[in-house]
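Visitor: Mind looking at a prediction? Sequence and model below.
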Amino acid sequence: MQETDLINLQKLGDRIKTLRKTKKFTLCELCYKNGLEPSTLSRIEQAIVEPKYLTLVKIAAAFNMSVSELLDF
């Protein structure tokens, strides 16, 4: 993975975490809304794993936004 990919992955994780905290969702509450495992979401927020597109769709839907809005960082 290139350095720019890692930077973007970190930006995505930070964006999801910021949105989650702004909406006052715990990790488990957000996972309940989108059907993900808390460990998966945690690894995405920490930029450990690269999420699949359908995972991004689920996360965006939990925040009532589109994937493009989620990726607007």
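Guide: It's in.
Visitor: Now for this structure, the helix or strand with the poorest mean pLDDT.
Guide: helix 27-34 (a mean of 91; mean pLDDT, DSSP states H and E).
Visitor: Go through it and flag the buried ones.
Guide: Going by neighbour count (16 or more other Cβ atoms under 10 Å), the buried part of helix 27-34 is 30, 31, 33. Yep, even glycine has a C-beta here, placed from its N, CA and C like the rest.
Visitor: max-length helix in the protein?
Guide: helix 3-22 (DSSP state H).
Visitor: Which strands and helices lie in contact with that one?
Guide: helix 38-45, helix 67-70 (3 or more Cβ pairs under 8 Å, 6 or more residues apart in numbering; DSSP states H and E).
Visitor: per-residue confidence at the residue nearest to residue 31 when sequence neighbours are not counted?
Guide: Nearest residue to residue 31, sequence neighbours excluded (Cβ to Cβ, 6 or more residues apart in numbering): residue 38, at 4.9 Å. Residue 38 carries a pLDDT value of 95.
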